[in-house]
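Participant: Here's a sequence, model it:
(chains A and B, ligands or ions: 2)
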Amino acid sequence: MIRLKNIYKAFGSLEVIKDISLDINYGDVVSIIGPSGAGKSTLLRCINCLEIADQGEMQIGDYHININKMTKSDIQWIRRNTGMVFQGFYLFNNKTVLQNITEGLIVVKKVKKNEAKKKALKMLEQVDLLEKKDCYPSSLSGGQQQRVAIGRALILEPKILLFDEPTSALDPELVNEVLVLIKKLAGQNQTMLIVTHEINFAKNVSDRVCFMDQGTIIEEGPAIEVINNPKNKRTQQFLDALKH
Amino acid sequence: MSLDFKFIVRLIPIMLKYSTVTIKLSLFAILLGFTLSFFIAIVVYAKVPVLNKFFKVYISFFRGTPLMAQLFCFYFGILPMFSRLVLKVSSFQAALIILSLASSAYMAESLRAAISSIHKGQMEAAQSIGMTYVQAMFRIILPQAIKVATPTLFSSFINIIKDTSLVFAIGVKEMMATAQLEGASGYRYLEAYICVLLVYWGITSLMGFFQRKIEIRLGQLVGETN
Ligand SMILES: Nc1ncnc2c1ncn2[C@@H]1O[C@H](COP(=O)(O)OP(=O)(O)O)[C@@H](O)[C@H]1O
Ligand SMILES: [Mg+2]
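Facilitator: Residues are numbered from 1 along each chain as shown, chains lettered A, B, ... in the order given. Ligands and ions are numbered 1, 2, ... in the order given. Next up, the predicted model:
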């Protein structure tokens, strides 16, 4: 399982993550909801080591890390075993769709080129973009780009896949294709941590939902409970505001 | 006094012969300067301690002082101090050194700006799948940056070619030196310098031709971005 314990992160004097602990079992889908500026992105970035937290412990499977004693090779290990899907997709603009997917296999996992290509083609089938394999990202729609980005992360078989508002940058009519794909992954028992504003989606797809505000997880529980009957007042206010 | 075309026609082959010096000097300076600028741009962009500060001063100095003064200072000022050493530096070599250093400052600046123009998400995405900083730089960032920088890099290349016309001042026997000599022989300065201009124009036009070829090739290789 994946375990975060007492994570802290500040930017200068701004405390963005204040003592967050979270356990995620393999195969679970956990969603994080909460207002803008709550620290949701920062939390995901700390898990993926794009930001280095100031304090705390992380455990991914059998791998324990004390963040204060984290070495370069720890960081590399964590990045190789956690996948990130960004709000802005960030496909490699100088690579084709196929190359975007094989890049990690070839460069990071040292898989042979033709083997990487075989795997990547299968992955493209799974994200339903096989016919776009030789296109460059700039010629794809946002939804297609995001599905390639999911494939790029997924092919490295991450122990956890992190999503940072994967549909927030998409035109409304393109949101669904991405949500459908994420749902499909949930059905395949892919462990996922998803930051999203799609409340209904979070309710449908997640095992658990966390409400985060001002750097802390204020409420956490089974998805339907947290979203239908929030106990905390701030969670209620946040969910009410979304309805109107 | 009319233009003596016969004189021009007679002079062109002589100029072409000396243009090999210009071309050799330009090519070597472009090669050395570009390689060096690559290194400098990455050091400055990655904020490598100490070296970063050093190269900022370096860039400011070489971009902020006249090439002619740099050449004179190096060849007539600095080199003689080391004349006791076995190391003997010809005027051609001195010109090559200064041209490479000076142009590397300009090119490093355009490369650095091009690298900065690449969205930081590209580096983050590369790192998120486990690439090291260096892998991400060489496989993802630089290929995109080079494409952005191509037009300004080529104006630097063209500037290097044109700047070689200054090196006769430290005694390199090239086209300008020849033009002065030949021009003086029959008071045909106009014709002599027209020859020089024509040959330079030819060389830089060729460079422009290569630029278009490379831009098309990079467009295919890097993918047209909108
Ligand atoms: N690199 C950074 N430097 C300084 N402040 C940052 C940085 N990243 C995020 N912040 C600040 O941290 C707070 C939380 O940001 P973020 O994690 O992006 O929130 P969320 O994703 O929940 O909207 C915000 O106030 C934001 O301005
Ligand atoms: Mg965010």
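
Participant: how much space between B:L11 and B:L206?
Facilitator: 20 Å (Cβ to Cβ, to the nearest Å). C-beta coordinates here come from the backbone N, C-alpha and C atoms, glycine included.

Participant: So between those two, which is more surrounded?
Facilitator: B:L11 (23 against 12; other Cβ atoms under 10 Å in any protein chain shown).

Participant: sec struct for the nearest residue to the more buried one once chain neighbours are set aside, please.
Facilitator: Computed as Cβ to Cβ, 6 or more residues apart in numbering or on different chains, the closest residue to B:L11 that is not its neighbour in sequence is B:C195, at 4.8 Å. Of the three states, B:C195 takes helix under DSSP: H, G, I helix; E, B strand; the rest coil.

Participant: can you check A:Q190 too?
Facilitator: Applying three-state DSSP: A:Q190 is coil.

Participant: dump the residue contacts of the nearest residue to it once chain neighbours are set aside.
Facilitator: Distances taken as Cβ to Cβ, 6+ apart put A:L161 closest to A:Q190, at 5.9 Å, once the chain neighbours are dropped. Going by Cβ atoms under 8 Å, 6 or more residues apart in numbering or on different chains, A:L161 touches A:T82, A:G83, A:M84, A:V85, A:I150, A:A153, A:L154, A:L185, A:Q190, A:T191, A:M192, A:L193.

Participant: and which of those residues is nearest chain B?
Facilitator: Comparing the contacts of A:L161 against chain B with Cβ to the nearest Cβ picks out A:M84 as the nearest, at 4.0 Å.

Participant: Find me the pLDDT at that closest one, would you?
Facilitator: We have a pLDDT of 97 for A:M84.

Participant: Where does pLDDT dip in chain B?
Facilitator: B:1, B:86, B:221-226 (pLDDT under 70).

Participant: mind listing the strands for chain A?
Facilitator: A:2-11, A:14-24, A:29-33, A:55-60, A:63-66, A:82-85, A:160-164, A:192-195, A:208-213, A:216-222 (DSSP state E).

Participant: Ok, which of these comes nearest B:G130?
Facilitator: strand A:82-85 (9.3 Å; Cβ to Cβ).

Participant: Who are the contact partners of the closest residue to ligand 1 within chain B?
Facilitator: With Cβ to the nearest ligand atom as the measure, B:K120 is the residue of chain B nearest to ligand 1, at 10.4 Å. Going by Cβ under 8 Å, 6+ apart, B:K120 touches no other residue.

Participant: what's the spacing between B:L142 and chain A?
Facilitator: Distance of B:L142 to chain A, computed by Cβ to the nearest Cβ, to the nearest Å: 9 Å.

Participant: quick one: that residue and B:I115 touch, right?
Facilitator: Yes. At 7.2 Å, B:L142 and B:I115 qualify as touching, with contact defined as Cβ atoms under 8 Å.

Participant: how many other residues sit next to A:R208?
Facilitator: When neighbours are defined as other Cβ under 10 Å, A:R208 has 20 of them.

Participant: Would you mind listing the residues in contact with it?
Facilitator: Neighbouring residues of A:R208 by Cβ under 8 Å, 6+ apart: A:D28, A:V29, A:V30, A:S31, A:E220, A:G221, A:P222, A:A223, A:V226.

Participant: just the helices in chain A please.
Facilitator: With DSSP state H, the ranges of helices along chain A come out as A:40-47, A:72-81, A:97-103, A:113-126, A:142-154, A:172-187, A:199-205, A:223-228, A:233-243.

Participant: Spell out for me which residue occupies the centre of chain A.
Facilitator: A:L162 (1.5 Å; Cα atoms, centre = their mean).

Participant: Tell me who's in contact with that one.
Facilitator: Here A:L162 is in contact with A:L44, A:I47, A:N48, A:T82, A:G83, A:M84, A:V85, A:M192, A:L193, A:I194 (criterion: Cβ under 8 Å, 6+ apart).

Participant: So which residues on chain A come close to ligand 1?
Facilitator: A:F11, A:L14, A:V16, A:S36, A:G37, A:A38, A:G39, A:K40, A:S41, A:T42 (Cβ under 6 Å from any ligand atom).

Participant: Quick check: closest non-adjacent residue to the last one.
Facilitator: Taking Cβ to Cβ, 6+ apart, and ignoring the residues beside it in sequence, A:T42 has A:V16 as its nearest neighbour in space, at 4.8 Å.

Participant: Please look at that neighbour and A:A10 and confirm they touch.
Facilitator: Yes. Under the criterion of Cβ under 8 Å, A:V16 makes contact with A:A10 at 6.3 Å.

Participant: quick one: which of the two has more around it?
Facilitator: When A:V16 and A:A10 are compared for neighbours, A:V16 comes out ahead with 21 against 15, by other Cβ under 10 Å.

Participant: Check what pLDDT the more buried one gets.
Facilitator: At A:V16, the predicted lDDT confidence score is 96.

Participant: residue contacts, it?
Facilitator: Neighbours of A:V16 in contact, by Cβ under 8 Å, 6+ apart: A:K9, A:A10, A:G39, A:T42, A:G215.

Participant: Select only the buried ones of those in PyMOL?
Facilitator: Burial among those is assessed by 16 or more other Cβ atoms under 10 Å in any protein chain shown; the matching PyMOL selection reads:
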select buried, chain A and resi 9+39+42+215
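
Participant: Quick check: phi and psi at the residue of chain A found nearest chain B.
Facilitator: At 3.2 Å from chain B, A:Y136 is the closest residue in chain A, using Cβ to the nearest Cβ. Dihedral pair for A:Y136: phi -90, psi 150, per degrees, to the nearest 10.

Participant: Verify the contact between it and A:N93 for me.
Facilitator: Yes. Using Cβ under 8 Å, A:Y136 makes contact with A:N93 at a distance of 7.1 Å.
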